[in-house]
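Okay, predicted coordinates and the sequence, questions at the end:
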Amino acid sequence: MDPFILSRIQFAANITFHILFPTITIALGWLLLFFKLRFQVTRDERWMDLYFFFTKIFALSFSLGVVSGVTMSFQFGTNWPGFMNTVGNIAGPLLAYEVLTAFFLEATFLGVMLFGFRRVKPWMHTGATVLVAAGTTLSAFWILALNSWMHTPAGFKMVDGVAHAVDWQAIIFNPSMPYRLVHTLLASGLTVAFLAAGLLAYRRLKGDRSPAVSSGLRCALTLGAVLIPLQIIAGDLHGVNTREYQPQKLAAMDALWETQRGAPLTLFALPDMEARTNHHAIEIPKLGSLIITRDPDGEVRGLNEFKGEHPPVAPVFWSFRVMVGTGMAMLAAAWTGAWWLWRRGTLPDWFLRGLVAMTFSGWVATVAGWYVTEIGRQPWLVQGVLKARDAVAAVPGEHVGLTLVAYLVVYAVLLTAFVASLFYLARKESARLAVREASS
């Protein structure tokens, strides 16, 4: 039992579970603000019905995100002490900024947002919603500043094997940070759009004909239809940035082994690391170079140029295709649903069932994209500065394996309970509105 491999799997399991919940809360806070502002303008109760329903989902997601984030941070000490020993002078302050400026802001005003609607003045309740939404976004900003710095480090110097900050502006706004931040925020928006659409479609299939469901579906599908093209553009620009700073990751994403001009775009292949070739490849000639370099005859560097200092190809290759494939399915669903609602005012049952099936499609795309990003950085923990193997703790593999199994069991139970709770809340909300309508 290799403690290095097990520690990597354990951290991957922790961060996979953790990222699910900030991906919801980042954009959901702003959607809640939209619902609240619409209510203030129209005084239509449907908007507050949506606000109260999704506030419960926000609170549940926030609590699980906090707990899993704390668990994950402990692994810096238990499994990866070399990380903080080497780059703690940079990682430590950035993590502290996230807690002091973002997490405290969210935690302080979340209570007002959840319980203060009838206890504080309307402007104060709206202000609390603004601050919670801003806090989630600010939290993402600091975490992505650190994560991006690990991919494209800048603004530091090494002294006796330890990184020291020399330019905090360069550290925070490192070369990949703007692209990564925009890409992540848009991913959160799409995750929430399909989460909302799926839960509201579920309510409609259960017979909920309330105005809140109709308005919520229209908002969710319109949001998805608007964000998908923006995400495609942001992803393309991020890919160009990756070409410059992490070309080995880009080569792994397309399983490109040899440096070549006019590189094809590989739609499907079975990458073979040992033979360093692809089997059963389906390619579009020159399209890879056109996308990456904007020139159909542009040169794209292959994996063989990096002399083994590149990530494992198959996980990056397939994760990228899962992300893109899920994104294309979201594009088709959002545009079709938005057109149907705006033109006909209703959705057929078969389409509603499709939306329910895609409730967590944003999670699938986000996790797949995260795997592309993080596995694509290997063998480096901090690109060009610290290799992952040099940061792992000298912990017996049996100990890591035992805790890994415990984490996986707990996370499986929590995730199942979370998903079940969302659909339970949807059924309960529909029943509440039905009772209110009957009594009125």
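Structure received.

Would you double-check that Gln378 falls in a helix?
No: with DSSP: H, G, I helix; E, B strand; the rest coil as the criterion, Gln378 is coil rather than part of a helix.

The nearest residue to it once chain neighbours are set aside - how many residues pack around it?
In space, and not counting its chain neighbours, Gln378 is closest to Pro311: 4.3 Å by Cβ to Cβ, 6 or more residues apart in numbering. Any C-beta I mention is one placed from the backbone N, CA and C, and that applies to glycine too. The number of residues packed near Pro311 is 24, by other Cβ atoms under 10 Å.

so Pro311 makes contact with Leu250?
No: between Pro311 and Leu250 there is no contact, the gap being 10.6 Å when judged by Cβ atoms under 8 Å.

quick one: the residue nearest to Gln378 and Tyr371, what's the gap?
10 Å (Cβ to Cβ, to the nearest Å).

Helix or strand next in line after the helix or strand Phe34 falls within, which one?
Using DSSP states H and E, Phe34 falls within helix 3-42. Per DSSP H and E, helix 3-42 leads on to helix 45-78 as the next helix or strand towards the C-terminus.

quick one: that following helix to helix 3-42, angle?
160 degrees (axes from the mean of the first three to the mean of the last three Cα atoms, to 10 degrees).

Show me what whichever helix or strand comes after helix 45-78 is packed against.
Next along the chain after helix 45-78, taking DSSP H and E as the criterion, comes helix 81-98. Applying 3 or more Cβ pairs under 8 Å, 6 or more residues apart in numbering; DSSP states H and E, one finds that helix 81-98 contacts helix 45-78, helix 122-151, strand 162-165, helix 168-172, strand 380-382, strand 386-387.

Now do the following helix or strand past helix 81-98: which elements does it pack against?
Moving toward the C-terminus from helix 81-98, the first helix or strand encountered (DSSP H and E) is helix 104-115. Packing partners of helix 104-115 (3+ Cβ pairs under 8 Å, 6+ apart): helix 45-78, helix 122-151.

orientation of the helix holding Phe34 relative to helix 104-115 in degrees?
Going by the same axes, to 10 degrees, helix 3-42 makes 50 degrees with helix 104-115.

and helix 3-42, which residues are buried?
3-4, 6-11, 14-36, 38-39 (16 or more other Cβ atoms under 10 Å).

what about the helices in the stretch 201-350 of the chain?
Per DSSP state H, counting those that start in this stretch, the stretch 201-350 of the chain carries helices over the ranges 211-245, 247-253, 287-293, 313-344, 349-357.

can you redo those helices as TSV with mean pLDDT?
Formatted as TSV, the helices of the stretch 201-350 of the chain follow (pLDDT from 0 to 100):
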stretch	mean pLDDT
helix 211-245	92
helix 247-253	91
helix 287-293	87
helix 313-344	92
helix 349-357	93
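
Deepest-packed of those, please.
helix 247-253 (a mean of 24; mean count of other Cβ atoms under 10 Å).

Quickly find the element holding the residue nearest in space to the middle of the chain.
Nearest residue to the geometric centre of the chain (Cα atoms, centre = their mean): Thr366, 4.1 Å. Counting by DSSP H and E, the element that carries Thr366 is helix 361-375.

how much distance is there from that helix to the middle of the chain?
The chain centre lies 7 Å from the centre of helix 361-375; the measure is Cα atoms, centre = their mean, to the nearest Å.

what sits up against it?
12, 15-16, 19-20, 23, 151, 180, 183, 187-188, 190-195, 249, 253, 311-312, 315-316, 319-320, 322-323, 326-327, 329-330 (Cβ atoms under 8 Å, 6 or more residues apart in numbering).

Now do the same for it: mean pLDDT, whole number.
Regarding helix 361-375, the rounded mean pLDDT is 93.

now the angle from that helix to helix 211-245?
Going by the same axes, to 10 degrees, helix 361-375 makes 20 degrees with helix 211-245.

in helix 361-375, what's buried?
For helix 361-375, a neighbour-count test (16+ other Cβ under 10 Å) marks 361-375 as buried.

quick one: average confidence on the longest helix seen in the chain?
Criterion DSSP state H: the longest helix present in the chain is helix 397-439. Confidence for helix 397-439, expressed as mean pLDDT, is 88.
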